[in-house]
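Chemist: Test case, fold it:
(2 chains)
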There are 2 protein chains.
Amino acid sequence: MKGVEKMQEPIWIGMLGLGTVGGGTLHILQSRAEDITRRLGRPVKVKKVLVRNLQKPRSVPVDAELLTDNPADILADPEISIVVEVMGGIHPALDYLETALKAGKNVVTANKDLMAVHGQQLFDLAAAKELDVEFEASVAGGIPIIRPLKICLAGNRIEVIKGIINGTTNFILSKMTSEGSDFADVLKEAQELGYAEADPTADVEGLDAARKLAILASIGFNSRVTLDQVYVEGITGITARDIEYAQQLGYTIKLLGIAKESEGQVEARVHPAMIPSQHPLATVQDAFNAIFVKGDAVGETMFYGRGAGDLPTGSAVVGDIIDVARNIINGHTGRIACTCYHEKRVKPIGQVECCYYLRLLVTEKPGVLASIAGVFGDQGVSIQTLIQKEQIESAAEIVLVTHHVREENLQKALQILATLPTVEAIGNVIRVEKD
Amino acid sequence: MKGVEKMQEPIWIGMLGLGTVGGGTLHILQSRAEDITRRLGRPVKVKKVLVRNLQKPRSVPVDAELLTDNPADILADPEISIVVEVMGGIHPALDYLETALKAGKNVVTANKDLMAVHGQQLFDLAAAKELDVEFEASVAGGIPIIRPLKICLAGNRIEVIKGIINGTTNFILSKMTSEGSDFADVLKEAQELGYAEADPTADVEGLDAARKLAILASIGFNSRVTLDQVYVEGITGITARDIEYAQQLGYTIKLLGIAKESEGQVEARVHPAMIPSQHPLATVQDAFNAIFVKGDAVGETMFYGRGAGDLPTGSAVVGDIIDVARNIINGHTGRIACTCYHEKRVKPIGQVECCYYLRLLVTEKPGVLASIAGVFGDQGVSIQTLIQKEQIESAAEIVLVTHHVREENLQKALQILATLPTVEAIGNVIRVEKD
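Modeler: Model (predicted):
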C-alpha cells in the first residue's frame, strides 16, 4: 500500500491538440474529475495542451496557462506519463508520439490516419518499453469496439466484420432512402447541418471508413492490414433510382467496411453495399455507426452508437486514459501488446467473391436479354434475379442480381457488355451482401 | 523475460461444471488452443472438470481422466490458478468459489444467480489477495457488456441502461408480435424448440432478467444493486390484444431490464414495456439480446448478440479466461477491483415515474369517460392519448396512455377505478418507455 501522499499525486497527462475531440476530452476530464479520482484512487490531471494558436477562443473553458505551442513542454516533461494525441493527421502526430514513447510516456490516440498506416511502428516502440498505446477512439468514436474485439471476443475465430463506420455517408444514404432524394441535394443539406465537411472527399469517397476498417481488420484477424491494402469505393455514384430498386428487392444501401477471412486470407474493402433490410445494420439511421461482428463461437454481435462528435469520441479517449492511468498506478503498462501475431495475405479485389446488382440501359429489341445473358454465361456469372424492365424513352432498363461471382469475372463481363451495340449504358454496379 | 521452459508451462484451469456453458467453454478452449497459446505465449489447459456424474455421456469430447466428482481435486490443487465456475445456482457454487479465492485462485464465472446476490463477498475476498473475479458471461451470454461498461465507458455518467436480457421472453414476444398469437401457444412452441425450459418460471416471470439487471446496474452506477432490490414483473399477462394496440400506437412490447439514475438514486426494474417501434431495441428479434446504454458523453450505444447458448456464452467465458491468464503471466491479477464505490439508494417502485398504457373494459353508458377521467385527475394522472373504444359484447374497451406519473399515484387510481360500477375490468396495465 502506498502512502497517503503518493495516493494524492496526480497522474499527469499532456494533450496534443484541442479541436473537437480534444475539447470533448478536456470537458469530460473536468466534469468527471471527482469520479475518476474515486475510481483510480488518484486524480488524473491535464498539465499541458499543445495548440497551434494560443489566442484562439476555445469552446471549453481552459486555463490559459495550460496551453502551449511548444511540443517539448509535453514531450520533454518527465512528470507527464500519458500523452493524449487528438490532433489528427500523420505529421507531426507520428513524430510526436514516437518521441513520447521513446521518452517512456504512454499514448492514447484518437488518430485513425496514423493507426491505419503506422500502427506497427508505434506498437513496436511501446513493446520495447512496456508502455501502453490505446486507440479505442480511432474507430467508430464512442462505440466500444477495439477492446471488445481484442479481449472479450479473444476466444473466437472472427469470420466477418461489417461496419457502418462513417457517419456522414450513413446520414446521406439514410436521407436518400427515406426521402428519395439525390446524392448532391442531401450532401448539401449534410454540409449545412455540419454532418459533412466543406470538402467531403474523405467521407464520401470512403477513405475515412477505409482507415477504420484497416484497424478493425488488423485486430479481428490478428494480422496487420494497412490502408493501402483496403479496396475503396465511395457513394457518389449511388442514385435515387438504385435506392428505389434496392427497396423493391428487399435491400437497403449502406456504405460498409467489410473484412472477412477465408482460407487463411483476409479481404478488406469499403464500398456501398445492398444488405437485406432485416439485417441489424440496415436499421442504423442518420449519423449513427454500427459494427457487426461474426465469430465462430459468439455468432452475430453488433456494437452501435455515435461514431463521431466531441463528447462521444471524448468518451472513448477518456476510457482509454483511465485504463492507462490504472496501469501506471499498478505498474502494469504494456500488458496488451500488438495482437497481430499472424501474417495473412490480403486478397486483391479481383479475387474477392460477391453478389452484384447491375442496372443496365439497353435498346428495346428482340434478343437483347439473350445476348446479355450470353455474356454473363461465358464469364461464369450466373444470374439470380432479373427484377424489372422499364421503358425509359427509347431504351429499356434492366436490373439484375447475380449469384456469387469473382470480381474479376464480373469486371470482364462488364467490359464485354459495354461493347454490345444493344447496351446503351451500364447504369450502376453495386455489391450485394446477402448474409 | 522468463526462460523458455517457464514460457512453455501451461496456465492450468479447473472447471466446475460441464453442462451447456461448460461444454461450450471446453470446446472453444480445445479448438482455439493454438491461437490462445500464440496470444499469450503460454498454453491454457484444463486440468480437471468437476461433474456430478462421471458416467454421463458428454456432448463435447473430453478425456475421462479430466473428470472428477471431488471438488478438492480442483480447489486444493496448487497448480490450478483459474477456477472456471459454470455450474450455476448459488450452492455449492458460492462455497466453492470462496474456497478457491481463499486458496489464491482467480475466478471466472458465468453465474448470474451468484453475482446478483453475493458479488460483493467474492470481490472482497478477491481484493484481499489481489485476484481476478471476471464474469462477462453472467450477463447477456456472448455480448461484451461488462468490460465495455467498466472500462470503455468509464468516463461517462451512465444515465440509463435498458436491456433485452432474456432470450426466451424475447423469442415469445417476437413471435406473438409477428404472428398475433397468444402467450400460451407461443410458450409451448418455445418449449418444443428448446428456447424455453419445461419449467419456464424464471424466464417468463422476469427473474432471470432481474439477476442480470442487478449486475448491470451495479456496474453502471458504481453502487451495489442486489436481486432483492429489483422490481420484477413477467410477461405472462401480455395478450395478443395488447400487442395489437401497441402496434396501433407505434410501440413494440419487450421485456426490459431498466436501470436509471436520477438525483443520486437508482431505479432497477424488470417488466414488459412498450417502446417506440423505431427504437434500436424494438428491432431485436427472436432469442437475441441487446443492451442499450445511454451515457452523458457517449450518448446512445447498444450491444447486440446471442444472450445464451453453449458457444456464445462459452465465448465470453473464454474471453475472461484469456484475460485472467494474461494477468497471471504478467503478475497483474486484481487490477480491476469491484467498482461499486458509491452507496446509492435504490428507489422503491412506488416512487418511480413512468408512462402507462391501460386497457379497461367499461359499461357503455353516457358519462363513463368523464368518471374515469375524474379518477385519474384526482390522482394527478394526466392522460396523453385515448386511442380506441371498441364494442366487445355489451361492454366497450378503452385504451389510454398516461403522461409521466408516479407509480403509487397510478396504483391509487387503479384501485379506485376498480370500485367504479362502470368499470367491468382492468384488462391490462403496461409501462410505456417513450425515450
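
Chemist: Can you tell me how far the closest residue to residue A:64 other than its chain neighbours is from chain B?
Modeler: Nearest residue to residue A:64 in three dimensions, chain neighbours excluded: residue A:54, at 7.6 Å (Cβ to Cβ, 6 or more residues apart in numbering or on different chains). Heads up, the C-betas are built off the backbone N, CA and C, glycines and all. For residue A:54, the distance to chain B equals 27 Å [Cβ to the nearest Cβ, to the nearest Å].

Chemist: what's the burial count for residue A:54?
Modeler: By the criterion of other Cβ atoms under 10 Å in any protein chain shown, residue A:54 has 9 neighbours.

Chemist: Next, it: secondary structure please.
Modeler: Here residue A:54 takes the coil state, with states given by DSSP: H, G, I helix; E, B strand; the rest coil.

Chemist: Next, the contact list for the residue in the stretch 51-200 of chain A that chain B sits nearest to, please.
Modeler: Nearest residue of the stretch 51-200 of chain A to chain B: residue A:155, at 3.0 Å (Cβ to the nearest Cβ). Residues near residue A:155 by Cβ atoms under 8 Å, 6 or more residues apart in numbering or on different chains: A:297, B:28, B:29, B:32, B:36, B:314, B:315, B:317, B:318, B:319, B:321, B:322.

Chemist: So it lies in a helix, does it not?
Modeler: No: counting by three-state DSSP, residue A:155 is not part of a helix but coil.

Chemist: Chain neighbours aside, what residue packs nearest to it?
Modeler: Nearest one to residue A:155, counting by Cβ to Cβ, 6+ apart, is residue B:318 at 3.0 Å.

Chemist: confidence score at the one you found?
Modeler: Reading off the confidence values, residue B:318 has pLDDT 98.

Chemist: secondary structure element for it?
Modeler: Using DSSP states H and E, residue B:318 sits in helix B:310-330.

Chemist: picking up where we left off before, please tell me I have it right and the residue nearest to residue A:155 contacts residue B:30.
Modeler: No: the pair residue B:318 / residue B:30 is not scored as a contact, 10.5 Å apart, by Cβ atoms under 8 Å.

Chemist: higher neighbour count, these two?
Modeler: Counting neighbours by other Cβ under 10 Å for residue B:318 and for residue B:30 shows that residue B:318 has the greater number, 31 against 13.

Chemist: could you dump the contacts of residue A:155 to JSON lines with distance to residue B:244?
Modeler: Shown next, in JSON lines, are these (distance: Cβ to Cβ, whole Å):
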{"residue": "A:297", "distance to residue B:244": "39"}
{"residue": "B:28", "distance to residue B:244": "43"}
{"residue": "B:29", "distance to residue B:244": "47"}
{"residue": "B:32", "distance to residue B:244": "47"}
{"residue": "B:36", "distance to residue B:244": "50"}
{"residue": "B:314", "distance to residue B:244": "39"}
{"residue": "B:315", "distance to residue B:244": "38"}
{"residue": "B:317", "distance to residue B:244": "41"}
{"residue": "B:318", "distance to residue B:244": "43"}
{"residue": "B:319", "distance to residue B:244": "41"}
{"residue": "B:321", "distance to residue B:244": "47"}
{"residue": "B:322", "distance to residue B:244": "47"}
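
Chemist: So which of those residues is the closest to residue B:109?
Modeler: Closest approach between the contacts of residue A:155 and residue B:109, by Cβ to Cβ: residue B:317, at 8.4 Å.

Chemist: gap between the closest one and residue A:312?
Modeler: With distances taken as Cβ to Cβ, to the nearest Å, residue B:317 is found 30 Å from residue A:312.

Chemist: quick one, which of the two is more surrounded?
Modeler: Using other Cβ under 10 Å, the more surrounded residue of residue B:317 and residue A:312 is residue B:317, with 32 against 27.

Chemist: Contacts only, for the more buried one.
Modeler: By Cβ under 8 Å, 6+ apart, the contact list for residue B:317 reads A:155, B:21, B:24, B:25, B:28, B:84, B:86, B:108, B:110, B:136, B:137.

Chemist: Can you report how many residues lie near the third one?
Modeler: With neighbours defined by other Cβ under 10 Å, the count for residue B:24 comes to 29.

Chemist: Check for me that it belongs to a helix.
Modeler: Yes: remark: residue B:24 belongs to a helix, assigned using three-state DSSP.

Chemist: Just the pLDDT for it.
Modeler: 97.

Chemist: Which residues are in contact with it?
Modeler: A:297, B:60, B:309, B:310, B:311, B:312, B:313, B:314, B:315, B:317.

Chemist: try 10 Å
Modeler: By Cβ atoms under 10 Å, 6 or more residues apart in numbering or on different chains, the residues touching residue B:24 are A:155, A:297, B:59-60, B:86, B:110, B:137, B:141-142, B:309-318.
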